[in-house]
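J.: Structure for this input, please:
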Amino acid sequence: MENTTIKSGYAFPAQLPTYSPQHWFTFLFRFNQTDTIRKLYPMIILICIYSGLVAYLEMEVWQLTEKSYVRNISVMHSLLGFVISFLLVFRTNTAYERWWDGRRLWSQQVQHSRNLAIKLAAMLPDDAKERGYFRILIPAYASALLRHLNKKVPDQGNEMDALPGDLQVQLDYEKHIPNQYVGLMHQYLQNMFREGRLQWGQVLFVNPELQAFTEICASCERIRYTPIPRSYSSFLKKFIFIYIMTLPFGYVFNLGYFIIPIVAFVFYVLASLELIAEEIEDPFGGDDNDLPLLRIVQGIKSQVEEVL
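T.: Predicted coordinates:
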């Protein structure tokens, strides 16, 4: 997947990965950057060594027979298999719901930005200086929202510098930047109403879009600053660890040294589900599977400039 690199070398997904789910061989034999095996292979090697050591001790050193009580450990795995599967499915579904909510909110941001530009283009004369103001400020809000959600994205400069001198306003970067942008748009609409260049009905006509901006920001903040409860994630990791560490003891009687690849594969499946959930639960980051927010912001900018 292509990345777009901006200042400080920070890489942001330029677009969502394009692929066909019907290409089985591509998925089976090609390992891209998002494949969890790239992150897990050191642990998989250690698990293989550990499983081989347990099998060697039980069969060669301790010489345990099938009558040993150690064999009954497999009963525990049979009982807890459903529990760990349920917890992982719930974990993955919760993370994906957060990812999809983020994509839906930014889709609404694109929609409301486009609608606001269209309404302003219909209300403002072609020679109105405020056209240039809103042409810059609407995409500037989307850019500010992006940096508000991801502090790792460097500041690309003050977009207000591109405005004419009589329209420039100094922002307070110690405060909530997206709210300041919305407040400035409200302020200029009110000024135009007081000067008689807009009617009150026209001001009310564009108000739903500006209100939607703040609502989208609040919803994105809910996702960004409300992580999955730490106790749940911690418990699930410990559960997977104990489940895998005890797996060779009971099944080595039936599988022998074949327990090595079996345990490694089980660990790969369980740990991969947890890693996928960790990556997509914060859709506003810079991981490969996160939302292509920079591309969305650039799309808003180009669409607004076309209209205004």
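
J.: And the protein, what are its domain boundaries?
T.: The chain breaks down into these domains under automatic domain parsing: 3-8+36-96+232-291, 101-226+294-307.

J.: Could you pull out the helices in the stretch 151-300 of the chain for me?
T.: With DSSP state H, counting those that start in this stretch as the definition, the stretch 151-300 of the chain shows helices at residue ranges 177-194, 200-224, 230-255, 259-280, 293-307.

J.: where along the stretch 1-150 of the chain do the helices fall?
T.: Using DSSP H, counting those that start in this stretch, the helices assigned to the stretch 1-150 of the chain run over residues 24-29, 37-56, 73-123, 129-149.

J.: for the closest residue to Leu270 other than its chain neighbours, what are its contacts?
T.: Closest residue to Leu270 apart from its sequence neighbours, by C-beta to C-beta, 6 or more residues apart in numbering: Ile240 at 4.9 Å. In this view, the C-beta of every residue, glycine as well, is placed from N, C-alpha and C. With contacts taken as C-beta atoms under 8 Å, 6 or more residues apart in numbering, Ile240 has the following neighbours: Ile84, Phe267, Leu270, Ala271, Glu274.

J.: For ChimeraX, write the select line for the buried members of those.
T.: Only the buried members of the contacts of Ile240 end up in this ChimeraX selection, burial being decided by 16 or more other C-beta atoms under 10 Å:
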select :84,267,270,271,274
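
J.: so, if you compare the contacts of Ile240, which one comes nearest to Thr92?
T.: Distances from these to Thr92 were compared by C-beta to C-beta; the smallest belongs to Glu274, at 8.4 Å.

J.: Quick check, the closest one in contact with Leu88.
T.: Yes. In terms of C-beta atoms under 8 Å, Glu274 counts as a neighbour of Leu88; the distance is 6.9 Å.

J.: Now for these two: what residues contact both?
T.: Where contact means C-beta under 8 Å, 6+ apart, the residues bridging Glu274 and Leu88 through contact with each are Leu236.

J.: shaky segments in the protein?
T.: Where the chain drops to pLDDT under 70, the residues are 1-34, 64-66, 69-70, 154-171.

J.: ok, 50 please
T.: Under the criterion of pLDDT under 50, the regions of the chain flagged as low confidence span 1-16.

J.: and Leu87, what does it touch?
T.: Residues in contact with Leu87, defined by C-beta under 8 Å, 6+ apart, are Leu236, Phe239.

J.: So Thr94 versus Leu247, what's the distance?
T.: The span separating Thr94 from Leu247 equals 26 Å under the rule C-beta to C-beta, to the nearest Å.

J.: neighbour-wise, which of those two wins?
T.: Leu247 (22 against 13; other C-beta atoms under 10 Å).

J.: For the more buried one, give its distance to Val263.
T.: Counting by C-beta to C-beta, the gap from Leu247 to Val263 is 5 Å.

J.: Understood, closing this out.
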